[in-house]
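Novice: This is the structure alone, sequence omitted:
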């Protein structure tokens, strides 16, 4: 319990024990769900043979992030590149804001700078999760311009960049 003691403080033993119990319960649930047999589902009706095998319907979630791909259009269900996906959102949902695409000199990312009446109003950076660059973020925020970052390679951890999620984050940043 040493790490929890450091995080919660020596005086808060009750909170420490509660957190530890919670983590143990979560671990047990994960372990039991991995070892318990999955319930049998009725077989889905098969389409008539047409010469080509039908692709199975993929389960989709109402959530905008998480283990299961959302029903909402997202970067990974979009038929095109991640740039085409994001630029499509920018053009359709924020048509009144012109943007310019640029690339930093020392690392790989896409930087979209949005303007209104000649003034910078939003900077969006698309990059890989492994990139640790933060200078653009710091400089932009210091100048008072909202900054957003979207990682383009995180479907494995449930960061889908769902259309609604991207639009809502942009609207929120623009109305700060």
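Specialist: It's in. It should be emphasised that the depicted structure is a prediction, and the values quoted were computed from it without experimental measurement.
Novice: Against residue 168, how distant is residue 142?
Specialist: 25 Å (Cβ to Cβ, to the nearest Å). Backbone N, C-alpha and C define where each C-beta goes, glycine included.
Novice: Those two: who's more crowded?
Specialist: Neighbour tally, residue 142 and residue 168, criterion other Cβ atoms under 10 Å: the higher count belongs to residue 168, 12 against 9.
Novice: which residues of the protein score low on pLDDT?
Specialist: The model of the chain has pLDDT under 70 over residues 1-58, 60-67, 70.
Novice: Could I get the full set of strands for it?
Specialist: Remark: strands assigned in the chain by DSSP state E are 99-102, 109-116, 119-127, 147-151.
Novice: give me the number of residues near the spatially closest residue to residue 59 that is not a sequence neighbour?
Specialist: Leaving out its chain neighbours, the residue that sits closest to residue 59 by Cβ to Cβ, 6 or more residues apart in numbering is residue 68, at 5.8 Å. Neighbour count of residue 68, defined by other Cβ under 10 Å: 14.
Novice: my guess is residue 68 meets residue 76, correct?
Specialist: No - using Cβ atoms under 8 Å, residue 68 is not in contact with residue 76; the gap is 11.9 Å.
Novice: Quick check: closest non-adjacent residue to residue 89.
Specialist: Residue 89's closest residue in space is residue 166 (Cβ to Cβ, 6+ apart), at 5.6 Å.
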